[in-house]
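Undergrad: Got a sequence here, can you model it:
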Amino acid sequence: MKELTEVRTLKEGRYVVMDEEPCVIMSITTSKPGKHGAAKARIEGMGVFDSQKRTAIQPVTAKLYVPVIERKSGQVLSVSSDAAQVMDLGNYSTIEIEIPVELKGKGKIEPGKEIPFLHYEGKYKIDIK
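TA: Take a look at the predicted model:
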């Protein structure tokens, strides 16, 4: 699910859809309006699920999509070498989520523990800082 919003209302740290992928806004800079043109905004973002850098240049009056990313909680049922089986505590469904490289072998993801995760249009990501 996503909503339309004007570029001028976006702020750093919020989400925006760039190249059909939800991104966290890392920086946003605006230029002054010129003699024959409107003010433009340069948005630099990092993909939430794929960690790729993306850039968009749009007029500040243009509309972009803002993704509605759900922050959920789940209980780890089992852990394999690169994925964890997690039960969503909201609807008790079971999902398979890939374990990020920085969390492997740290003891933060073990069976029985409760972990936060992000969900957007069929994509999941463990959200442990």
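
Undergrad: Could you report the pLDDT at the most far-flung residue of the chain relative to its centre?
TA: Taking Cα atoms, centre = their mean, the residue of the chain most remote from its mean C-alpha position is Lys35, at 37.0 Å. pLDDT, Lys35: 83.

Undergrad: Repeat that for Leu4.
TA: What the model reports for Leu4 is a pLDDT of 94.

Undergrad: mind checking how far it is from His36?
TA: 27 Å (Cβ to Cβ, to the nearest Å). C-beta here means a position set from N, CA and C on the backbone, and glycine is covered the same way.

Undergrad: More neighbours: which of those two?
TA: Shown here are Leu4 and His36; by other Cβ atoms under 10 Å, Leu4 has more neighbours (8 against 5).

Undergrad: Name the helix or strand for the more buried one, please.
TA: Assigned by DSSP states H and E, Leu4 falls within strand 2-6.

Undergrad: so who does Ala41 touch?
TA: Residues near Ala41 by Cβ atoms under 8 Å, 6 or more residues apart in numbering: 7-8, 10, 28-31, 57-60.

Undergrad: at 7 Å instead, please
TA: Counting by Cβ atoms under 7 Å, 6 or more residues apart in numbering, Ala41 touches 7, 28, 30, 58, 60.

Undergrad: you'd agree the last one is up against Thr30?
TA: By that I understand Val60. Yes - here Val60 lies in contact with Thr30, judged by Cβ atoms under 7 Å, at a distance of 6.1 Å.

Undergrad: Alright, I will stop here.
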